[in-house]
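S.K.: Give me a model of this one.
(4 chains)
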2 protein chains.
Amino acid sequence: MPTVSRVLKGSPPVSQRKRDRVLAAVQELGYRPNGAARMLVTGRRTIVSVITSNTTRFGYATSIQGIEEAARTAGLLVAITVIDPGGEDEVAAAVDLVLGQPVAGVIVLDFDPQGTRAIEALPEGLPVAAVGSSDVGREIPRALFDDRLGGRQATQYLLGLGHATVHHVSVPGSGRPSGRTLGWRSALESAGAVVPETLEADWTSQSGYEAGLVLARTPGVTAVLCGNDEIAFGVIKALQVSGLRIPQDVSVVGFDDHPLAALWTPPLTTMGQDFVELGRTALAFLVEQLDEGPGPQTSPSTIHLIERESSGPPPARSVTGPARGARVGRRARPRPR
Amino acid sequence: MPTVSRVLKGSPPVSQRKRDRVLAAVQELGYRPNGAARMLVTGRRTIVSVITSNTTRFGYATSIQGIEEAARTAGLLVAITVIDPGGEDEVAAAVDLVLGQPVAGVIVLDFDPQGTRAIEALPEGLPVAAVGSSDVGREIPRALFDDRLGGRQATQYLLGLGHATVHHVSVPGSGRPSGRTLGWRSALESAGAVVPETLEADWTSQSGYEAGLVLARTPGVTAVLCGNDEIAFGVIKALQVSGLRIPQDVSVVGFDDHPLAALWTPPLTTMGQDFVELGRTALAFLVEQLDEGPGPQTSPSTIHLIERESSGPPPARSVTGPARGARVGRRARPRPR
DNA sequence: CTGAAAGCGCTTACAG
DNA sequence: CTGAAAGCGCTTACAG
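M.R.: Got it, this is the predicted structure:
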């Protein structure tokens, strides 16, 4: 009965009497239109699928939150598909699962190689947007941070504090070095500082802890830029456990402004980024594409230094002018070069 | 052409020649069966919707991870629907969004009042399972922790350490006090200890910090059980900022075993729970229901004490036997009673 | 083994 | 304003 459809959709030409009867029946029977049938006939898909390798890490989870918020506003449902670490198989399986559903489009969290591969495995024709950047892959709209600029700024900040150089513990990056790592390197080079070897971590604080243990026994480390805050947490802990004081002996700076950064001991200096905004932007890109067809675009979101207490001047060798009234010289180490 | 369908589904009776031709065509055209049409005719729905008030908090995000893992294994797609804080409207809107899609069933994260209301708003007939517990609502299968037992055990542990009583900063609980709070209270009563007034926090470390500030100026506080680890992080920080030492002056115990608990300063003693397992169980309950119709059941998962360094004996008044070689007596306060 | 036929539950023109 | 008719893209029996 088309009338029912008209009533439910709110199309004008229905008599009051009919409308009431229909509504009553709907109410009584608990009738719900079949979503699959509706999609089939209208062709309007309302599911947006997010493909990601992880759902719980800070940056990932917060981006998803932003996507979901914006999707809800737009009347879209968000589906999550996780690509477990593993071979190409996993990527193909995830893509199949997604395409088996009536999805309107896909947003890929391109923070790591898994994401990059997923983008490449997605068929042309399907609307796609990405959060995060990789160099590889086809041209699609991307919501991203200017990681490179962030890496530069953080490094310059540390250099400006008087550190001779800055060590770096990096996040994986998707394919090649992450933008943060690139920015760090270029800042060092511009300043004519030595570029120490990068320590590779994954996104976890555990991996940061391990890197911290290495740094603790590396001579000349007075400042460390970490690829994210979780890594920084681990680095700080490892350094402390090794008898070093933060920031008197070593300054540590993170990335992301994790919710616990301000509560850390010491409170963590970090590069703040708005992941929720990032997710919202990606969804907006996807919706635009749904409406008007493809249109590759890119939006670097802002990033800013949040100075807290994990960073300061390098340890002095004389008693002159140590930062923050710190005791000086305990375990002081020579500056590099 | 039914043959195409047969080939794609792998039904046996198809000649090799036909099969090859079909596969070639599919390959060339990039053909993908329309999910909506398939759902319509088969009636097999493959979307499981998760309704939750939050996607990023540790317990929530980790439960969702478990649900997603199990769903993927079962060939189901997970959709996320968030109920923003707000009136009943939000709950109704979320339910409408979910029911507008061809969903097989729903899993509600019933950690808070929003979840509880969502369960009540869901129509009968739709398969539903929950993660977490509330007293209210209809009988549905639930995957949950024995929070009450956990609260008891944690409290008894602290009492066993010699504390005269245990203060408590609680998570919201859905409707009435959380099981953790109930367990804490009962342990105190069984032991004949005074039951201090509960401090209410939300799930954030910020709210824990504020509670910690209150506790710092409350006389007689030597042990604090927190509703979750994030709260414990905030409490510890506030206590430390107020000049108290953990655990020498005050012991703090959390709940959940957050990934950063072991890295905290001091490393946090907590009640460990497996949220991933919880999510998996909920999905299994839902699948059972899909297959065999309704069958209310409940599974309390295990919970165990993870003793780290944020807890110890109460501050001694004499120099006899302080724990962990701690300096004693700085800011010692009288025991309650 | 392989097509023609019917039908899943809706919505969209189309006649009344 | 309101029904009968057609069709969305598949799959499932059903005849060849």
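S.K.: how about the strands in chain A?
M.R.: Assigned by DSSP state E, the strands in chain A fall at A:47-52, A:77-82, A:103-109, A:128-131, A:142-145, A:167-170, A:199-200, A:223-226, A:251-256, A:269-273, A:298-301, A:303-306.
S.K.: residue ranges with poor pLDDT in chain A?
M.R.: Applying pLDDT under 70 to chain A flags the ranges A:1, A:9-13, A:87-88, A:134-137, A:174-175, A:293-296, A:317-337.
S.K.: Quick one: residues contacting residue A:128.
M.R.: If you count contacts by CB atoms under 8 Å, 6 or more residues apart in numbering or on different chains, residue A:128 has them with A:105, A:106, A:107, A:108, A:119, A:122, A:140, A:286, A:289. Every C-beta, even on glycine, is put in place using the N, C-alpha and C of the backbone.
S.K.: quick one: the residue of the stretch 51-200 of chain A found nearest DNA strand D from DNA strand C, how far?
M.R.: Closest residue of the stretch 51-200 of chain A to DNA strand D, CB to the nearest atom of the strand: residue A:100 (9.5 Å). Look at residue A:100 and DNA strand C: by CB to the nearest atom of the strand, to the nearest Å, they are 17 Å apart.
S.K.: Ok, residue A:141 next?
M.R.: In terms of CB to the nearest atom of the strand, residue A:141 sits 28 Å off from DNA strand C.
S.K.: Wait, that residue touches residue A:289, no?
M.R.: Yes: with contact defined as CB atoms under 8 Å, residue A:141 counts as touching residue A:289 (6.7 Å).
S.K.: now the helices for the stretch 101-250 of chain A?
M.R.: A:113-121, A:147-160, A:179-190, A:205-216, A:229-241 (DSSP state H, counting those that start in this stretch).
S.K.: Just list what the third one packs against, helices and strands only.
M.R.: If I follow you right, that is helix A:179-190. helix A:147-160, strand A:167-170 (3 or more CB pairs under 8 Å, 6 or more residues apart in numbering or on different chains; DSSP states H and E).
S.K.: Reformat these as JSON lines; add distance to residue B:300 and mean neighbour count.
M.R.: Shown next, in JSON lines, are the helices and strands packed on helix A:179-190 (distance: least, CB to CB, whole Å; neighbours: other CB atoms under 10 Å in any protein chain shown):
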{"stretch": "helix A:147-160", "distance to residue B:300": "44", "mean neighbour count": "22"}
{"stretch": "strand A:167-170", "distance to residue B:300": "41", "mean neighbour count": "26"}
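S.K.: could I get those as a markdown table with distance to residue B:224?
M.R.: As requested, those are arranged in a markdown table below (distance: least, CB to CB, whole Å):
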| stretch | distance to residue B:224 |
| --- | --- |
| helix A:147-160 | 36 |
| strand A:167-170 | 34 |
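S.K.: To DNA strand C, which of the ones you listed lies closest?
M.R.: Among those, if distance is taken as CB to the nearest atom of the strand, the winner is helix A:147-160, at 43.8 Å.
S.K.: Need the contact partners of the closest one.
M.R.: A:133, A:165-166, A:178-188, A:191, A:193, A:223, A:225, A:251, A:253, A:255, A:271, A:273, A:300, A:303, A:305, A:307, A:311.
S.K.: gap between it and the chain center?
M.R.: Counting by CA atoms, centre = their mean, to the nearest Å, helix A:147-160 is centred 18 Å from the centre of its parent chain.
S.K.: Kindly report the same for stretch A:123-136.
M.R.: On CA atoms, centre = their mean, the centre of stretch A:123-136 falls 15 Å from that of its chain.
S.K.: can that stretch be found next to DNA strand D?
M.R.: No: contact of stretch A:123-136 with DNA strand D (CB under 7 Å from any atom of the strand) is absent, the minimum separation being 13.5 Å.
S.K.: for that stretch, which positions count as buried?
M.R.: A:126, A:127, A:128, A:129, A:130, A:131, A:132, A:133, A:134 (16 or more other CB atoms under 10 Å in any protein chain shown).
S.K.: Let's see that stretch as PDB, backbone CA atoms only.
M.R.: In PDB, the C-alpha atoms belonging to stretch A:123-136 read as follows (Å, rounded to 0.1, in the frame of the first residue of the first chain):
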ATOM      1  CA  PRO A 123      37.600  -0.800  -6.500                       C
ATOM      2  CA  GLU A 124      37.400   2.400  -8.500                       C
ATOM      3  CA  GLY A 125      33.900   3.800  -8.500                       C
ATOM      4  CA  LEU A 126      33.300   3.400  -4.800                       C
ATOM      5  CA  PRO A 127      33.500   6.700  -3.000                       C
ATOM      6  CA  VAL A 128      36.500   6.800  -0.700                       C
ATOM      7  CA  ALA A 129      38.100   9.300   1.600                       C
ATOM      8  CA  ALA A 130      41.000   8.900   3.900                       C
ATOM      9  CA  VAL A 131      42.200  10.100   7.300                       C
ATOM     10  CA  GLY A 132      45.900  10.500   7.500                       C
ATOM     11  CA  SER A 133      48.500  10.500   4.800                       C
ATOM     12  CA  SER A 134      50.600   8.200   2.800                       C
ATOM     13  CA  ASP A 135      52.500   9.000  -0.300                       C
ATOM     14  CA  VAL A 136      51.300   6.000  -2.200                       C
END
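S.K.: Which residue is the nearest non-sequential neighbour of residue A:144?
M.R.: residue A:133 (4.5 Å; CB to CB, 6 or more residues apart in numbering or on different chains).
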